[in-house]
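1. Sharing a sequence plus its predicted fold:
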Amino acid sequence: MNSKTLLYIVKRILLAVFTVWVVITVTFFVMHSVPGGPFVGEKATTPAVQAAMEAKYGLDKPLYEQYFTYLGDIVTKFDFGPSLKQRGRMVIDIIMDGMKTSMMLGLIAAAVSTLVGIVLGAVAALRRNKLIDRVIMVLTTAFVSMPSFIMGALLLALFAVQLKLVPANGSTPAGLILPIITLALYPMAYITRLTRSSMLDVLGQDYIRTAKAKGVSGPRIIFGHALKNSLIPVLTYLGPMLAYIVTGSLVVEQIFAVPGIGRAFVSSITNRDYPMIMGTTIILAVLIVVMNLVTDILYKIVDPRITLE
Amino acid sequence: METQKKKRLTCHVDLDAFIPATDAEKEYMVQMRPSTTFFKDGVKRLYKNKIAFISFIVIVLIALGSIVIPIFWPYSYEDQLGVQPGKPVDSSYKNLLPFEYGKTEQAKIESGETVFPHVFGTDSAGRDYFIRVIYGTRVSLAVGFFASIIVLLIGTVVGSVSGYFGGKVDMIIMRIVDIIYSLPDMLMVILLATVLKLTLKPVIEGTVLESVGSNIISLFIVFALLYWVGMARLIRGQILSLREQEYVLSARATGAGGFWIIRKHLIPNCISVVIISAALQIPSAIFTESYLSFLGLGVNAPMPSLGSLAADALNGLTTYPYRLIIPAIVISLIVLSLNLFGDGLRDAFDPKLNA
């Protein structure tokens, strides 16, 4: 790793940190621009109760002071304050509760989509313009043109309700099969297309012809030479893919009743649990920013030919 | 005279070069085919691309249908058929299956009158589902179209200014773009939509915008705030390479100002890239809208969009699966044909690709 790469990594980390700060700040001020504050719309309370509540949640202080307290609590104690609707629970605890399920769901979906996508893409490229290539391309085109929640609902209606193959409720391990498939379909289709086109590109390169001329066997050309190089573009997609899975899980968890962060987030939007919305937004955003950071750095290390910026 | 040999440095004009051409010579100079413009050339290539052409026809048919059908359709998207002023609610109109009729309608049919059929039945509030799908298509298409216009305008202006002027302006704009680009867009969209839904309502009350609905406006604001960055980067890249061309230098030499050069020389030259990515932006806007609808942050009821229709259908999924499948098919058809058409546009209009 030369000093240029190192400089790039440092710059990239600084940008990531700055982005996280922007997210926290934007989230805080956007949330506090709601007219009347978070307690409007609550059951009618007397002014005294209202004042006591505001004092309890620190809402009587000036806005900038609240902001620095909030920021300080996050940075030093990883504390996002108490939930408004689930009395007596801290936001971070609710998030951590759902994190385990959501992480499992997301990681399995990511692994499945990457593996299946690469295999399908390689097969399509090697059998270019044959029947199997056509079938794969038509299917993947269909998968990328349907919103995930519709795909999820259709899968639910078909496999859980009509055929009764799997439980419709996502709180059991068997019930996680459909959510994983729903989440994995779109990135899988994308990776398939990406692998196919970059594989076709690589197969036309001179070094593949040289290998063929040397008499290297077919499988060795594919696995030893072609596949490795054609996976570099796929690597760049990892960051966006994880971002997609994180946001997609909001919807998918809701449809299949998976007890994860996504469902907690969606219900906090519907019952206007402001600290919960802020906390979840920030944590998910940090997750996405870190994933993108890792992807970018990996990309730079794997393929030093690429000059970013 | 011996001075008849050719004088090489003479200024005398050789008159033979100026005699009118004969008809045979004129014939020879006639072009074999009329000259074509870049645009015509592209359209011709697009026409030859069967998939793109069919997609284009599909889009046009869907768009025309969503505009024309509501004009003559006897039902409206918001009328609850069972609810008549001054009468108790007739619940026989709720959840009709396709081609079923409500009680009063059946009575009419028995007395010999013809009643316009409910092609897709009615929804849980007794509204004709067919017209809701048609109207939802119109709303989704309009949202996609306007959102991509907004992105197009902002992205083009910022990108071209940044690319042409370079230096400090470019650096500042590009840092802002970098930050917005690295923000997780969906989360920010949800956050802004949640808040704007509440803050916008009192602001737009009583104005024309109220009929559009606060959620749709917040969707547009979100697009205007976040989604222009991709377009701006693209345009900037184009402008950076274009501004080194000789014709820009020549324009500058004749005293043209910066904005003039951008408007007259640079933007027309990257217009194909702009249009292609705008076409591909529409499906992404339709996706975002349907996603927000699912979270309850999409269009305001009773206005339907394809996303909100699908989201509403989730409740009665076991009994009325067609209510999900119909909008799902329409969304997929729209997004698919727009994507294929966009690809076709790119193949036809990006001169660098068809070498």
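-> Happy to help now that I have it.
2. Let me see the backbone angles for B:Asp128.
-> Main-chain dihedrals, B:Asp128, degrees, to the nearest 10: phi -60, psi 120.
3. wait, isn't it in contact with B:Pro117?
-> No. Proximity of B:Asp128 to B:Pro117 does not meet the contact threshold set by C-beta atoms under 8 Å, at 9.7 Å. C-beta coordinates here come from the backbone N, C-alpha and C atoms, glycine included.
4. More neighbours: which of the two?
-> B:Asp128 (27 against 14; other C-beta atoms under 10 Å in any protein chain shown).
5. Okay, and the beta partners of that one?
-> B:Thr122 (DSSP bridges).
6. State the distance from it to B:Glu113.
-> Counting by C-beta to C-beta, to the nearest Å, the separation of B:Asp128 from B:Glu113 is 18 Å.
7. And A:Lys77, by the same measure?
-> A:Lys77 is 73 Å from B:Glu113, by C-beta to C-beta.
8. Next: A:His225.
-> For A:His225, the distance to B:Glu113 - C-beta to C-beta - is 76 Å.
9. And B:Thr36, by the same measure?
-> 59 Å.
10. For chain B, what's the nearest residue on the stretch 1-150 of chain A?
-> Chain B sits closest to A:Ser145 of the stretch 1-150 of chain A, with a gap of 4.1 Å, by C-beta to the nearest C-beta.
11. Work out for me the element the most centrally placed residue in chain B sits within.
-> Taking C-alpha atoms, centre = their mean, the centroid of chain B lies closest to B:Phe145, which sits 3.5 Å from it. Counting by DSSP states H and E, the element that carries B:Phe145 is helix B:129-165.
12. what's the next helix or strand after that helix in contact with?
-> Downstream of helix B:129-165, the next assigned helix or strand under DSSP H and E is helix B:167-182. With C-beta atoms under 8 Å, 6 or more residues apart in numbering or on different chains as the test, helix B:167-182 has contacts from A:15-16, A:18-19, A:22, A:289, A:292, B:158, B:161-163, B:225-226, B:229-230, B:232-233, B:236.
13. now those: which count as buried?
-> Neighbour counting by 16 or more other C-beta atoms under 10 Å in any protein chain shown classes A:15-16, A:19, A:22, A:289, A:292, B:158, B:161-163, B:225-226, B:229-230, B:232-233, B:236 among the contacts of helix B:167-182 as buried.
14. Out of these, list just those in helices.
-> Counting by DSSP state H, the buried ones among the contacts of helix B:167-182 place A:15-16, A:19, A:22, A:289, A:292, B:158, B:161-163, B:225-226, B:229-230, B:232-233, B:236 in helices.
15. what comes up buried for stretch B:92-108?
-> In stretch B:92-108, counting by 16+ other C-beta under 10 Å, buried: B:Ser92, B:Tyr93, B:Lys94, B:Asn95, B:Leu96, B:Tyr101, B:Gly102, B:Thr104, B:Glu105.
16. from what I can see B:Phe349 touches B:Ala279, true?
-> No. B:Phe349 lies out of contact with B:Ala279 (C-beta under 8 Å); the separation is 10.3 Å.
17. how about B:Asn95, what does it touch?
-> Each residue near B:Asn95 by C-beta under 8 Å, 6+ apart is listed here: B:Gly121, B:Thr122, B:Asp123, B:Ser124, B:Gly316, B:Thr319, B:Tyr320.
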